[in-house]
Each structure stands twice: as C-alpha cells, then as structure tokens.
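J.: return atomic coordinates for the entry below.
(one chain, ligands or ions: 1)
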Amino acid sequence: MKISKSLQRVLIVGLTMPVTLFILGAYNGVMQTLYRAGVINDSAVAGINYYQGLTMHGVINAIVLTTFFAVVFGHVVMVNYCKREPNKNLYTISMVFMVVGTLMDAVTMVTGKAQALYTFYAPLQASPYFYIGTSLLIVGSWLAYFSWLLMWKEFKKENPNEKMPVAVLGTLVNFTMWFMSSIPVAFETLVILTPWSFGWTKEINVPLTRMLFWMFGHPLVYFWLLPAYIAFYTILPKVAGGKLYSGNAARLAFLLFLILSTPVGVHHQFSEAALSPSTKLWVSILTYGVSIPSFMTAFTVGASLEFAGRKRGAKGYLDWLGHLPYFQRNNYLFGYFICGLILFIFGGLSGIVNASYSLNQMVHNTGWVPGHFHMTVAGPVVLVILGMSLYILSSVSGKPIKNKSLATIIPYLWGIGVAFLSHGLMAGGLMGEPRRSNLGLSYTNPESTLFNKYWLTSTTTTMFGGMIMGSAAIIFFYVFFSTLFSKQQFEPCIELPVLEELHNEKKVNLLNDIRPWAILSFVLVLSTYIPSLQTVLKYGKSVPNKFQFDNTQNLNDSSNLK
Ligand code: HAS
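T.: Take a look at the predicted model:
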C-alpha cells in the first residue's frame, strides 16, 4: 500500500534515530567485555566510566531500540492489514514525544548524569531529566497504541465477520500488555523518583521502587519478544517457502502471553528475604506457565518450517532442516529469523533454570543472568529488529538494500558472536563470576590481590564473542546507512509478505477478542502483587537521600521485622 509523506517521515525517523544511538549502545557492549576480561584495568576509557557505559548499553539497546522498533513495526503491521493509515496527529505527537524523551535520556547518560543502569530503581539516582525522558518515551508509545485501537475499531465495523489477523492480534496484545505494565513504572518515575531526584522529597522507599520496576520489568521482556514472534508466525513461513501451520495456535500463544507475562515480575526478586515463600512458589508456577506459549511457538513455527522444507523436496525425518533457504541474498530475512530461533532454544531453556526458586539461588546476580538474556534479547529480539529494519527502511524509503550479500551474512556472524558471549558469561556465572562488575579492576587483574585465574577462560570467551558481535554490528551500520543515503528508485510503500495458513480453521470468538484475556490478566496481577506490595509496605521503610554505604538506615534493622 502507498503511504503519505508524513507517515513515511515518521517511520524513517523511528528507524534511524535508534539505529544511530545503537552505535553507542553496541560500542559500550564491546567495552564491557574488555573490562571484564581484564584487558582494561581502569574505571573509565575515553571519559566514559564503567557504569556510565553499562547504563548506555542497557538503556539504548534494551529500552530505546526495542520501543522504537515495536512502534514502527506496529505501524507497518496495522497499515498493512487494516489498509489505512493511523490518525496523523496521534502518530506525529507519539514520535515527537519518543524523540524528545530519548534525546533527554541520551544527553543525561552521555554527560554522566544518569548512571542508574537500565533497571533505574533506587537507591541509584539519576538526573530527573532521565526519568522524565524515559516517561516521555513510554507515553509516546502509548499514543501509537491508541491510534491502532481506533484503526482496528473502524476496520472491524466494516468487516464484522473477519478473523483478527494474527499480526494485528499480536500487535494489540503486545501493546495492551505494555500499557498495563508501564503504569507502575510511570508512577515510579514520575511520582517517586523525579521529585526525589529534584530534591523535593528527602526520603525514598527502595524496595517499593524495585518492586514497581519489576512489575514492568518482566512484561518488558515479552514486549521486546512479541514483535519477533509476530515476524516468526506471519513472515517467516512465507520467507521459508511454506505456510503457517496453525493460525489459531498462534492466536492462543499471544493471548497466553497477555495473561501470564504481567504477574511474574517477582521472579526477579526471589532472593529478597521479606517476600513470603508462598508468593515465591505462586510466581514460580506462573513463570513456568509463561513458558508454555513459547513451547507452543517452537512447535507451530517448527511445523511451519518442516512444511516449507518438504515443499522444497525434503524426504526423511530431519531432511527438511537442510532444505531451508539459508544464505540466499534475495531472501536475506530468513537468516535473521532462523539464527534468532536457534539462539532462543538455549535462551529459553536457561530462563527455565532461572524460574526454579532453588536454582535461582545459585545463578542470581552472576554472569549466568546476562548469559541468559543475551540469548533472548540479542538473539531473536535484536536479530528480528536488524533484519526487519533493513526491510522496512527499503520499502518505506523506496530504496533497494545496498550490499545485500553483506546483509545476508550479518545474522550468522552475530549469532556466532552471541553463542560465544553467552557461553562465556554462563560458564563464568556457574563459577560465581558476578554480573555488573568491572572485573578488570579486581578478579581478572593479575596485579590485584583478588585475582582469580579460573575466570580468565570464561571472560576471554565472552570478549571473543563480543568482538564478533561488534564486527557484525559494524557491517550492519554500513548496510543500513548506505541504503539510507542512496537514491530513491521505487514508490515508497508498506507491503509485508502475505500470510497463508495451512489449515482452514474455523473462527473461535474467544481467540479474536482481547478483552476477557486482559481482565484475567488483571486478576492474576492482583493475585501476585497484593501480597507482595503488602510485604514491601510493611517491611520496607523510606530512607533519607540517596544510597550511602555507611548509612545505618540502609542496613537491616531487625526491630522492623517483628
Ligand atoms: Fe528471562 C531474567 C525467566 C524468557 C530477558 N530475563 C531475565 C533478564 C532479562 C531477561 C533481560 O525466572 C535479566 C533482568 C535483569 O537485568 O536482572 N525468562 C525466564 C523464563 C523465560 C524467559 C522462564 N527472558 C526471556 C525472554 C527475554 C528475557 C524471552 C527477552 C526477550 N528470566 C527469567 C528469570 C529471571 C530472568 C527467573 C531472573 C533471573 C535472576 O535471578 O535475576 C521463558 O519465557 C522462556 C521460554 C522459552 C522457551 C524456548 C522456546 C524455543 C523457541 C525456538 C524454537 C526453534 C525453532 C527453530 C522452531 C521454552 C520458540 C528450529 C530450527 C532449527 C534449524 C534448529
């Protein structure tokens, strides 16, 4: 479908701004691996200190890049399937909010005024403009969601009997989940952290800010994942040369994410003594529950790939794996999707280890956790973002992709890098290597009394992986920007590959209506968070000012636990 100039502008800004910042995000990722491997034995390089770099790495890659992409991809999906454009005022104001918010975040991080990491809860304190910027970014993304609700309402009125297209359902589920879960973090940043950072309030309840963050922080990871799932269900089957095995199974998987991803944030807080064992058991069960839609996805997407392989001539049980279109420059998207899926097998399984309360005690706060999340975030999430960003940039700007052969090898190179990086982090984590620590100042520095030779192999493996990922990122920037700055050659448009379903399934009303699932999700959120918030409000107390190591009010006060 042809698109207006203003929507085209918004989409190109929405792709270019985060990719430009991603240069800084990726650079700081590689630097992390150099610090950890002991190649750098200093607290700062080129004026950027370790925690400043880690904050930029996390905020840019995990919050800015992912949110911009979810909005841009959401616009593309909604326009493609509803055959109309969103409300111009809403999509323009949405992008203005997101750009201004991101600039505020970028300036505070680059000038060293925000070193609170991507999880940004107290006691770490950032500039108030960082919190306001982050809130603007989030609220901007809500406006895009509101514009899609209007589009869908109009489309449904005109086509009352049509099933909700899988990609539209996935997009609306994702943003309904995002909207529900970002209310606690908007409250945390605007009502608690910003006044505290301006100095208007003197005290802060640290455990409360942590809980409000994780109420958002876990749905956040599925907010990153679902655009990738939309691509796996609705674009990959066509790209592989087949059909989607079951549209209804895909719909059910998205709806299960809505109910199960919102109540499980407490699994990031298993090591907090105050939370009751029954709450932890309940959250552990729900966390296993949220793996079910991913197991379903492995089956449905796997079956779709098998069908594609057989259509391409495969015969035996596993022969189809060898008949898929790897390394084809005119089908470059396939590489991004398949590498993401392969990494996600291991990323998902390591998440199931984390979900076990007892195993979590062994891996929490070690390198294992970033090992897990690089195979999920840097796996399917970032690979789909990179591949689809090239695809969308080309179609909405009317410019063919430059250097398609290079674009084809990026995902394989990146995937090999992630495998080394995550293996190093996880192996080190199992030996007790801490996360978020500048090991080059201590454990991997032979000059230090804390030097630990057993962590050298794992940290060096991580660094090797980081350098391969860094090389893949450089090639990606080259392909992206050479396409962006090339000459327009065709009429800009939005056109996603047409999804075909293998079976002609009947319409199930419950799978085409998000509302009952949203209500159930809210009930499950209450079941976890009423007891958890009661505990935090009972045992957590406000302490003056920001974190000070020698402040006795930050130490355990046993009289408080009576
Ligand atoms: Fe997680 C911590 C549990 C999924 C991201 N997770 C994190 C953090 C991040 C993160 C960023 O229970 C750290 C936060 C921080 O900074 O502290 N996670 C899980 C579980 C899942 C899970 C049970 N996580 C994700 C996803 C993420 C993500 C997805 C980002 C996108 N995670 C945890 C827990 C913690 C945690 C605890 C806290 C740890 C701690 O103590 O701090 C599940 O959803 C995973 C289910 C996935 C599967 C895999 C299915 C496989 C598929 C691929 C099929 C392949 C095919 C290809 C078809 C069961 C779909 C075949 C073709 C061939 C050629 C072979």
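
J.: helix or strand: which one has the residue of the chain found nearest the ligand?
T.: In the chain, the residue found nearest to the ligand is residue 348; the distance is 2.2 Å by Cβ to the nearest ligand atom. Backbone N, C-alpha and C define where each C-beta goes, glycine included. Per DSSP states H and E, residue 348 falls inside helix 333-355.

J.: quick revisit: and the residue of the chain closest to the ligand, how many neighbours?
T.: Residue 348: 19 surrounding residues under other Cβ atoms under 10 Å.

J.: do the same with residue 451
T.: Residues near residue 451, counting by other Cβ under 10 Å: 15.

J.: rewinding a little: the residue of the chain closest to the ligand reaches residue 291, doesn't it?
T.: Yes - Residue 348 is within contact range of residue 291, at 6.9 Å (criterion: Cβ atoms under 8 Å).

J.: list the contacts of the residue of the chain closest to the ligand.
T.: Shown in contact with residue 348 (Cβ atoms under 8 Å, 6 or more residues apart in numbering): 291, 294, 298, 376.

J.: could you rerun that using 7 Å?
T.: 291, 294 (Cβ atoms under 7 Å, 6 or more residues apart in numbering).

J.: for it, give its distance to residue 373.
T.: 11 Å (Cβ to Cβ, to the nearest Å).

J.: element containing the most centrally placed residue in the chain, please.
T.: The structure's the chain has its C-alpha centroid closest to residue 224; by Cα atoms, centre = their mean the separation is 3.0 Å. If you go by DSSP H and E, residue 224 is part of helix 206-234.

J.: averaged pLDDT, that helix. What do you get?
T.: Here helix 206-234 scores 96 as its mean pLDDT.

J.: next one: it, is it in contact with the ligand?
T.: Yes - contact between helix 206-234 and the ligand is present through 221, 224-225 (criterion: Cβ under 6 Å from any ligand atom).

J.: of all the residues in the chain, which ones are close to the ligand?
T.: Counting by Cβ under 6 Å from any ligand atom, the residues of the chain near the ligand are 119, 221, 224-225, 267-268, 287, 290-291, 294-295, 297-298, 301-302, 321, 338, 341-342, 344-345, 348, 351-352, 354-355, 360, 364, 369, 372-373, 376-377, 381.

J.: any low-confidence regions in this structure?
T.: Along the chain, the model assigns pLDDT under 70 to residues 545-562.

J.: and the longest helix for it?
T.: helix 277-311 (DSSP state H).

J.: need the contact list for residue 482.
T.: Counted by Cβ under 7 Å, 6+ apart, residue 482 has contacts 402-403.

J.: please, which helix or strand holds it?
T.: helix 456-484.

J.: show me which residues of that helix are buried.
T.: By 16 or more other Cβ atoms under 10 Å, the buried positions in helix 456-484 come out as 456, 458-470, 472-473, 475-476, 479-481, 483-484.

J.: stretch 512-521 now?
T.: Quick answer for stretch 512-521 (16+ other Cβ under 10 Å): 512, 514, 517-518, 521.

J.: check the offset of that stretch from the chain's centre.
T.: Its chain's C-alpha centre and that of stretch 512-521 lie 23 Å apart, by Cα atoms, centre = their mean, to the nearest Å.

J.: what residues does that stretch touch?
T.: By Cβ under 7 Å, 6+ apart, stretch 512-521 touches 163-164, 172-173, 176, 180, 255, 258-259, 262, 510.

J.: how about 8 Å then?
T.: With Cβ under 8 Å, 6+ apart, stretch 512-521 has contacts from 163-164, 169, 172-173, 176-177, 180, 251, 255, 258-259, 262-263, 510.
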